[in-house]
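>>> got a predicted structure plus its sequence, pasted below:
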Amino acid sequence: MAKIYDKAYMGERVVPIGEAHLSVASAAVLYGLSVYTVFPVCVKKKGTAAFRLRDHYQRLVNSAQIIGLDTFAPAWSFEKFQKAITELVAANTITEDVFVRATVHVDELVPGTRSRGLHTTLSMFLYEAKPILPQAGARLKTSVWRRIPDYAIPSRAKVNGAYVNSVLARQDAIDSGYDDCVFLDATGHVCELSAANIFLVREGVLITPDTMSDLLEGINRKTILELARSLKMSVVERSVDLTELYIADEIFACGTSAFVAPVVEVDARKIGSGVIGPLTQQIRDAHTALFRGETPMSQQLLTYL
Ligand code: PMP
């Protein structure tokens with residue numbers, strides 16, 4: 001179990017984590033009607049800094065907009081959101097990097113199956129920044145469960161209830177002795193993992209499923225595309241066949257909680273040489289340097305709290 005910090009944010013104030021409750025009768029509990037994001041807050045010499053905070057805020061707003069939760073954005077400007085995180089981080093004593101889980105819950109009681117005009121509340125808490133995938137090499141299994149299509153529950157909205165799809169697929173992978181799943185869409189194209197985006201390398205070209213591939217538009221996916229272009233790598237966003245993974249020179253997963261994790265096996269096929277590949281290593285180093293605040297790009301992407 002990850003370490004969770006003592007103080008949470010709920011109902012527009014910092015409270016002990018044990019008091020950050022939702023009613024069992026709320027739509028958040030009844031239907032999983034909440035949207036969320038997870039972002040890192042890193043401890044640096046200059047202070048604590050959140051990574052790509054504006055992008056995370058915007059994705060939260062977009063998720064709410066897609067689902068039809070229309071009371072969050074008018075109540076929460078970016079500045080107010082940033083102030084709440086600053087208060088929460090100050091209330092907890094953090095000496096190492098943490099993840100912040102920020103969730104917008106529909107806390108109206110028994111509203112029926114609808115979304116518009118309902119009261120929402122923002123909760124936030126901090127927990128230890130432990131990777132969800134083995135960093136030396138992850139083993140993946142194609143899921144028997146397909147990714148929920150955009151015409152059912154859109155993956156680009158980060159909706160709590162939709163994560164049952166990820167739970168089914170990841171549990172299936174774990175039951176078969178793997179670390180995580182590869183999600184395919186209804187037509188058999190590669191989407192992503194249960195909670196991370198995927199990249200592959202073929203003949204020196206970095207390839208990732210495009211944003212019409214029923215995936216979450218990951219903030220680290222975007223960061224890696226930017227980093228790869230700045231490193232002058234050839235990059236393509238397109239539809240990806242499952243069998244392309246089997247013959248890829250390199251594969252890696254990325255995400256806030258996955259970091260940059262090399263993939264060394266898919267469906268009992270060894271990938272590349274079975275260890276982290278050279279392009280993955282280059283991307284991982286650039287990504288780490290960015291987080292550490294060591295590059296000019298870091299200054300634009302870190303918000304000091
Ligand atoms: N896909 C899914 C389904 C996820 O849950 C996550 C984690 N938020 C990601 C991709 C990676 O997104 P990010 O880089 O924004 O953490």
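Looks like it came in fine. None of the values given here were measured: they were computed from a predicted structure.
>>> how many neighbours does Gln82 have?
The tally of other residues near Gln82 (other CB atoms under 10 Å) stands at 16. Glycine gets a C-beta too; all of them are placed from N, C-alpha and C.
>>> ok, it touching Ala49?
No - with contact taken as CB atoms under 8 Å, Gln82 and Ala49 are classed as non-touching, separated by 11.7 Å.
>>> the ligand contacts on the stretch 101-250 of the chain?
Contacts of the stretch 101-250 of the chain with the ligand, taken as CB under 6 Å from any ligand atom, map to Ser166, Glu192, Ala195, Ala196, Asn197, Leu216, Gly218, Ile219, Asn220, Arg221.
>>> what count of nearby residues applies to the fourth one?
With neighbours defined by other CB under 10 Å, the count for Ala196 comes to 25.
>>> picking up where we left off before, now, the residues of the stretch 101-250 of the chain next to the ligand that are in strands?
Judged by DSSP state E, strands contain the following of those: Asn197.
>>> name the residues contacting each of Gln82 and Ala49.
Shared contacts of Gln82 and Ala49, defined by CB atoms under 8 Å, 6 or more residues apart in numbering, are found at Thr303, Leu305.
>>> may I have the helix or strand where Lys83 lies exported as PDB, CA atoms only?
Per DSSP states H and E, Lys83 falls inside helix 78-91. The C-alpha coordinates for helix 78-91 follow below in PDB (Å, rounded to 0.1, in the frame of the first residue of the first chain):
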ATOM      1  CA  PHE A  78      -6.700  27.800 -12.500                       C
ATOM      2  CA  GLU A  79      -5.500  30.300  -9.900                       C
ATOM      3  CA  LYS A  80      -7.900  29.000  -7.300                       C
ATOM      4  CA  PHE A  81      -6.800  25.400  -8.100                       C
ATOM      5  CA  GLN A  82      -3.200  26.300  -7.700                       C
ATOM      6  CA  LYS A  83      -3.800  28.100  -4.400                       C
ATOM      7  CA  ALA A  84      -5.600  25.000  -3.000                       C
ATOM      8  CA  ILE A  85      -2.700  22.800  -4.000                       C
ATOM      9  CA  THR A  86      -0.200  25.200  -2.400                       C
ATOM     10  CA  GLU A  87      -2.200  25.100   0.800                       C
ATOM     11  CA  LEU A  88      -2.400  21.300   0.800                       C
ATOM     12  CA  VAL A  89       1.300  20.800   0.200                       C
ATOM     13  CA  ALA A  90       2.200  23.400   2.900                       C
ATOM     14  CA  ALA A  91      -0.100  21.500   5.400                       C
END
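>>> for it, give me every contacting residue.
The contact list for helix 78-91 (CB under 8 Å, 6+ apart) reads 7-9, 12, 14, 41, 48, 50, 53-54, 57, 100, 102, 122, 124-126, 303, 305.
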